[in-house]
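Participant: Turn this into a model:
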Amino acid sequence: MLLPAGFAQNSSNPKDSLRRALRNPDLSQDEKFELYDKLARKFVYADVDSALYYAQAGERLLKEDRTSNQRFDNLLLIGIIYREMGRHQESKNYLENALSLALSNQDTQGASESRFALGSLFHTMGQTDKSIAFYQAALEGYESLHDSANVAATLVNMGHTHDSMGNEEQSIYYYRKAIPILKAKDLKENLSIAYNNMASVYEVADELDSAIIYYQMSIAVSLDNEDEWGTIYPLASLGGIYLKRGQNAEAKSFIFQALDIASAQPRSFSYHTALLAVANYYAKMGETEKARKTYDEVWVLTRELKDYELTLYILKDRMAFEKEQGNYKDAFSLFERYASLRDSLVGLEKTRYARELEVRFEAGKMEAENEFLRQDKETMLNRQQWGLFLGSMVALLLLILVIILWKANRRRKKYTNLLSLQKKKTQANLKALEAANKRLSELNQEKDDLMGIVAHDLKSPLTKVAMLTEMLAAFREDPEQFQELRGRIDAVLLGGKTLIEELVTISSLEKAAPPELVSEDIIAILTELIAGFEAQASAKEIAIHLRKSEEKLIFPTHKEYLVRIMDNLISNAIKFSPAGKNVFITVEDRVKSLKITVEDQGPGIREEERSRLFEKFARLSNKPTGDESSTGLGLSIVKELVGKLGGKISVESQAGKGASFILKFTRKTA
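Facilitator: Down below sits the predicted model:
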């Protein structure tokens, strides 16, 4: 298990004296705020409810006229407390307000602290690209202030985040960069964390001897710092390694020692990690009832804290346990939850990375164009200066050099014309080269993206097939279960085939020219299409309604493209609608245009997710209500098809009130 730097580990701070001091009736407002602030900080990692109570008491004092420094400290502290409570949106609001206040005050230290806290929040939320961006900004701020302690803490957290992204080499790079600074500054708490995290990277790489050494170094540094709390993670991890090696007595000693220390704070991440290690120990020892009960306890506690990284650990370990017990159905169900959470986090990374590449490309293009214009301007300025010089010479030597100047002028014009012609040729060549390079870059990126997506998205169905195949062997004597498993294997393979087909479709669409439009009866096309969805809709007791003002509506379109568009939108409406709901398809002939609306009564689309709705490989928070499959490519194909027909697509939605997809096509001559 990895730890973020700045993770408060020591829970032994006294608080009673601070509480007694609050009872003093002669305290000034500033003195009261200082006490509330200190108490909140003492409780933040031990009792978040108490921490929030004291921080909000301080916030109420700030309703009156207080300094910007106090307001900043309070905003940052409440943001961190909400993060520890798993209340991510509230945490984000407070931390962003703290950052805005620091920036308005030109407070580099405060801005760096806010960015550091936001980096930690986004890591917890699984948004690792944002996490890295905020950590990088914090690092630059701390470096400008020569704040080596916080530089090292930020490096540790960047290593932590890179490791969670699977970038092991980058992770080790940042840890090794941080360790000399931590040693020089004698920052033992974060040095212990850096050693722990390096050990974790080596453990994942199955270099267990190196992992043991670094875990032991982490424990030694924490004990030297009189920080028993800091030994929980490395103790639990060492127990896990010895459990793998079959050294059960040593494993038990380390794991239960970690649990004993962590029990002082049963709502902490440290306690959950130690408890998960205990569950794994029981599973290994064959004590199945104790193992299952402990897994359940960890699951409940972790869901309260909304920590996605720890959730993945629990799902993975519990899946292995159920599989070992022969409970293949439970194991497969856990695997699907694990894959869904992992893929949703990876999907966010892919879409954000794609947007970042586009922004970088456009920025680089603009920079190149600006540089060319600047050089062209300088060339023109030099020519003007040369012309002025020649003019002054003409004024001085007009009578003597008139013939020479006339000849020189002819030569200059000829030279200028040659230069102009050469410049045009050079510009044409540069544009052609730029276009070729751009296309080559796009093709190369497209190839890389395609390989990356296929490798990742096909890994999940292949893993499912492997697990289902293993289950087939266990149910050979049960024909009913055997046939059910065969059906599930067919469904998984069909999902992989669909993914490949959709990847090929969108790639070919991007290169294709707009199709020739032909007059078609839109109502007839939709009526036939809806009839094809009757079985799928009936299975969920969903009614599809076609709302039209006339029985026949002729409009120029491309039938195959329109059918593909509507097929995807209607299919999605059924997938994401609960049983017993309605789907409405409304057709409006507006003389010069055609409007088609597909409206469902599903969960709706979150406002923050709408901008990513039509992006390739987008994975949103809503899931199909009947466990139907989804590749994340359908709506990007729809948008491409609509564009080829000269139309536009938009969406209107409110969370909990369904979504409406609106298509608008301009009438063109068939």
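Participant: what about P25, which SS state?
Facilitator: When classified by DSSP: H, G, I helix; E, B strand; the rest coil, P25 comes out as coil.
Participant: Kindly list the main-chain dihedrals of it?
Facilitator: Summarising the backbone geometry of P25 under the convention degrees, to the nearest 10, its torsions are phi -70, psi -10.
Participant: residues near it, how many?
Facilitator: Under the neighbour criterion other CB atoms under 10 Å, P25 is assigned a count of 4. C-betas here are computed from N, CA, C, even on glycine.
Participant: Quick check, pLDDT for it.
Facilitator: The predicted structure scores P25 at 76 on the pLDDT scale.
Participant: Repeat that for H123.
Facilitator: Confidence for H123, expressed as pLDDT, is 86.
Participant: now M85
Facilitator: In the prediction, the pLDDT value recorded for M85 is 81.
Participant: Give me the distance between it and Y142.
Facilitator: From M85 across to Y142, the span is 27 Å (CB to CB, to the nearest Å).
Participant: okay, the two: which has more neighbours?
Facilitator: Neighbours were tallied for M85 and for Y142 using other CB under 10 Å; the higher tally belongs to Y142 (24 against 18).
Participant: pretty sure the more buried one contacts E113?
Facilitator: No. Between Y142 and E113 no contact is recorded; they are 9.1 Å apart, counting by CB atoms under 8 Å.
Participant: what is in contact with those two at once?
Facilitator: Common neighbours of Y142 and E113 (criterion: CB atoms under 8 Å, 6 or more residues apart in numbering): N150.
Participant: Excluding residues flanking it in the chain, which one is nearest A178?
Facilitator: L155 (3.8 Å; CB to CB, 6 or more residues apart in numbering).
Participant: so that neighbour sits right up against Q136, yeah?
Facilitator: No. Look at L155 against Q136 with CB under 8 Å: they stay out of range, at 10.7 Å.
Participant: Those two: who's more crowded?
Facilitator: Shown here are L155 and Q136; by other CB under 10 Å, L155 has more neighbours (25 against 14).
Participant: In contact with the more buried one, which residues are there?
Facilitator: Contacts here follow CB under 8 Å, 6+ apart; on that basis L155 touches A5, L139, Y174, Y175, K177, A178, I181.
Participant: Using a markdown table, please lay out those together with secondary structure, pLDDT and neighbour count.
Facilitator: Listed next are the contacts of L155 as a markdown table, based on DSSP: H, G, I helix; E, B strand; the rest coil; pLDDT from 0 to 100; neighbours: other CB atoms under 10 Å:
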| residue | secondary structure | pLDDT | neighbour count |
| --- | --- | --- | --- |
| A5 | coil | 57 | 26 |
| L139 | helix | 94 | 22 |
| Y174 | helix | 90 | 25 |
| Y175 | helix | 88 | 26 |
| K177 | helix | 90 | 16 |
| A178 | helix | 88 | 27 |
| I181 | helix | 90 | 19 |
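Participant: And those residues, which two are furthest apart?
Facilitator: Between any two of the contacts of L155, the greatest separation by CB to CB is 14.2 Å, found for L139 and Y175.
Participant: what are the phi and psi values for the closest residue to I522 other than its chain neighbours?
Facilitator: Here the nearest residue to I522 in space, its sequence neighbours aside, is L553; by CB to CB, 6+ apart that works out to 4.6 Å. When read as degrees, to the nearest 10, the backbone of L553 gives phi -140, psi 110.
Participant: Doesn't E477 lie inside a strand?
Facilitator: No. Inclusion of E477 in a strand is not indicated when three-state DSSP is applied; the result is coil.
Participant: Could you check how far it is from S650?
Facilitator: To S650, E477 is 55 Å away according to CB to CB.
Participant: Which residue of those two possesses the greater neighbour count?
Facilitator: More crowded of E477 and S650, by other CB under 10 Å: S650, with 12 against 7.
Participant: Adjacent strands (with direction) for the host helix or strand of that one?
Facilitator: Element membership of S650, judged by DSSP states H and E, is strand 647-653. In the sheet, strand 647-653 lines up against strand 659-666 (antiparallel) (DSSP bridges).
Participant: Would you mind writing the CA trace of the one helix or strand the residue nearest to A178 maps to as CSV?
Facilitator: Element membership for L155 (DSSP H and E) is helix 148-164. In CSV, the C-alpha atoms belonging to helix 148-164 read as follows (Å, rounded to 0.1, in the frame of the first residue of the first chain):
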residue,chain,number,x,y,z
SER,A,148,13.3,22.0,0.2
ALA,A,149,11.1,20.2,2.8
ASN,A,150,7.9,20.7,0.8
VAL,A,151,9.8,20.0,-2.5
ALA,A,152,10.7,16.6,-1.1
ALA,A,153,7.1,16.0,0.1
THR,A,154,5.7,16.9,-3.4
LEU,A,155,8.2,14.6,-5.1
VAL,A,156,7.1,11.7,-2.8
ASN,A,157,3.5,12.3,-3.7
MET,A,158,4.3,12.5,-7.5
GLY,A,159,6.0,9.1,-7.1
HIS,A,160,3.0,7.8,-5.3
THR,A,161,0.6,9.0,-8.1
HIS,A,162,2.8,7.7,-10.9
ASP,A,163,2.9,4.3,-9.3
SER,A,164,-0.9,4.2,-9.1
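Participant: That one: which residues count as buried?
Facilitator: By neighbour count with 16 or more other CB atoms under 10 Å, helix 148-164 contains the buried residues 149-164.
Participant: model confidence over the strand holding S650, on average?
Facilitator: For strand 647-653, the per-residue pLDDT averages 91.
Participant: For the stretch 201-350 of the chain, which segments are assigned as helices?
Facilitator: Remark: helices assigned in the stretch 201-350 of the chain by DSSP state H, counting those that start in this stretch are 208-224, 232-244, 248-262, 269-284, 288-305, 308-324, 328-397.
Participant: by contact count, what packs against the fourth one?
Facilitator: The one in question is helix 269-284. When contacts are defined as 3 or more CB pairs under 8 Å, 6 or more residues apart in numbering; DSSP states H and E, helix 269-284 packs onto helix 232-244, helix 248-262, helix 288-305, helix 308-324.
Participant: tell me the angle of the last one relative to helix 288-305?
Facilitator: For helix 308-324 and helix 288-305, the angle between their directions (axes from the mean of the first three to the mean of the last three CA atoms, to 10 degrees) works out to 160 degrees.
Participant: Helix 308-324 - contacts with which helices or strands?
Facilitator: Applying 3+ CB pairs under 8 Å, 6+ apart, one finds that helix 308-324 makes contact with helix 108-124, helix 269-284, helix 288-305, helix 328-397.
Participant: what's the least confident stretch among these?
Facilitator: Between the helices and strands packed on helix 308-324, the one with the least mean pLDDT is helix 328-397; it has a mean of 54.
Participant: low-scoring pLDDT stretches of the stretch 451-600 of the chain, where are they?
Facilitator: For the stretch 451-600 of the chain, residues meeting the criterion pLDDT under 70 lie at 451-468, 470-476, 492, 495-496, 498-511.
Participant: Likewise for the stretch 151-300 of the chain?
Facilitator: Judged by pLDDT under 70, the stretch 151-300 of the chain has no weakly predicted residues.
Participant: Fine, thanks again, bye for now.
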